[in-house]
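[1] no sequence on hand, only this structure:
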């Protein structure tokens with residue numbers, strides 16, 4: 001955002017979010033390590049996740065792009081990327097796999113076509 005009063009610069013905020021999502025570190029522990037309050041750590045991780053979700057292309061946009069490139073078909077595949085989370089975090093829990101993770105989906109266009117969309121959703 002470029003505000004002078006932000007407690008974390010963008011790179012540090014990204015690192016905080018990665019440590020929280022990938023390693024499953026508790027926000028109160030991360031906050032101590034980054035020298036901020038637990039509430040600030042919570043707000044910054046949520047802000048970063050929302051920013052990433054807002055910039056991800058939608059499946060509809062990816063299909064339009066594939067149609068413009070003239071691919072004969074597309075393949076939609078997905079996988080659950082495991083993350084370490086607490087039991088409290090229901091949005092990141094997969095009932096099918098009985099573990100915490102984020103759904104990573106990829107849409108690939110026709111033979112030899114480029115990947116046209118990556119979408120990561122909780």
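    Structure's in. What do you need? What you are looking at is a predicted structure, and each value in this text was computed from that prediction instead of being measured.

[2] mind listing what's buried along the helix or strand hosting residue 44?
    Following DSSP states H and E, the helix or strand that holds residue 44 is helix 38-55. Residues of helix 38-55 classed as buried under the neighbour-count rule (16 or more other Cβ atoms under 10 Å) are 40-41, 44-45, 48-49. Bear in mind the C-beta positions are built from the backbone N, C-alpha and C, glycine included.

[3] let me have the residues you listed in TSV, adding distance to residue 73 and pLDDT as columns.
    Shown next, in TSV, are those (distance: Cβ to Cβ, whole Å; pLDDT from 0 to 100):
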residue	distance to residue 73	pLDDT
40	47	91
41	44	92
44	41	92
45	38	92
48	35	91
49	32	87
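
[4] relative to residue 24, which of those residues is nearest.
    Set against residue 24, the nearest of the buried residues of helix 38-55 by Cβ to Cβ is residue 45 (12.3 Å).

[5] who touches that closest one in this structure?
    16-17, 20-21, 27 (Cβ atoms under 8 Å, 6 or more residues apart in numbering).
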